[in-house]
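Student: Sequence first, then the predicted structure, then my questions.
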Amino acid sequence: MERAAVWQALLESRDAAYQKFNEGLLPGKAGQTLGVRMPRLQQLAGEICRGDWRQFLEETETDTQYELVMLAGLVTGRCRCSWAEKYDRIAAFVPRIDCWGINDSFCAANREAGRRLADLEPLFRQCIASGQTYPIRFVLVMLLDYGLTEVWTPEILELCRRLDHPDYYVQMAAAWLTAEAFVRHRALTLPYLAPGVLPETVRRMALQKCRDSRRVSPADKVLLGARSAP
């Protein structure tokens, strides 16, 4: 699908009520979205991927409109191409991420890349070294979605320990990642929830997420509650 056809499809799929709801969840995006629901965006991404998806990505590479950027991210994640091309396209898209919604949906679409985390390490290192909010959140959410194995979890926890970043969206992603690590790898993660290991804001957020989780036992919630104080 060409950009013009995609844009028309987006306009025809607008939902004013959803637009208001979605923009309330996306700081800085007021008046910048159309209000197209994710199932429709996924459907359009699939249609684009079955056609000349490279043309669509080329035509939209400078767009900043929310749904068009979202679609570019979904297509980048879902398109079929060589790994070398996929890596380059992922790396090219990351700087376009400007909100958690696009970031997290982009990560979810990158299932193939999620099976090749080791190959993404050079990009991950660049993203962390940038110090920028959304490149760092990209790394954290990719690890959350695909990396919490026994092999990767120790390195992930060490990354969360070292990563002291002031932005809420980085802190929340690190906390979410730590809480999920606790659910899957309790023994590995528990020491990191002690005072003085993680950045304190991240530790408190992670403890709260654990206490709110239905997958954490009542006994562990009591144990973690006792660790809430610094």
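Tutor: Structure received. Residues are numbered from 1 along each chain as shown.
Student: Okay, now the unreliable bits of this protein?
Tutor: Applying pLDDT under 70 to the chain flags the ranges 229-230.
Student: So for it, the centremost residue is which one?
Tutor: Centroid-nearest residue in the chain, with C-alpha atoms, centre = their mean: Asp104, separated by 2.8 Å.
Student: In three-state terms, label that residue for me.
Tutor: With DSSP: H, G, I helix; E, B strand; the rest coil as the basis, the three-state label of Asp104 is helix.
Student: so the nearest residue to it once chain neighbours are set aside is in which element?
Tutor: Closest residue in space to Asp104, ignoring its immediate chain neighbours: Val141 at 5.5 Å, by C-beta to C-beta, 6 or more residues apart in numbering. (Each C-beta comes from the backbone N, C-alpha and C, glycine too.) Assigned by DSSP states H and E, Val141 belongs to helix 133-146.
Student: cool, Met70 as well?
Tutor: Here Met70 sits within helix 66-78, counting by DSSP H and E.
Student: same for the next helix or strand after that helix, what does it pack against?
Tutor: The C-terminal neighbour of helix 66-78 among helices and strands, as given by DSSP H and E, is helix 83-93. For helix 83-93, the packing partners by 3 or more C-beta pairs under 8 Å, 6 or more residues apart in numbering; DSSP states H and E come out as helix 66-78, helix 111-114, helix 117-130.
Student: domain assignment for the chain?
Tutor: The chain resolves into domains spanning 1-136, 148-230 when parsed by automatic domain parsing.
Student: circling back to that earlier point, make CSV from the helices and strands packed on helix 83-93 and add distance to Glu12 and mean neighbour count to it.
Tutor: Shown next, in CSV, are the helices and strands packed on helix 83-93 (distance: least, C-beta to C-beta, whole Å; neighbours: other C-beta atoms under 10 Å):
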stretch, distance to Glu12, mean neighbour count
helix 66-78, 12, 23
helix 111-114, 29, 16
helix 117-130, 36, 15
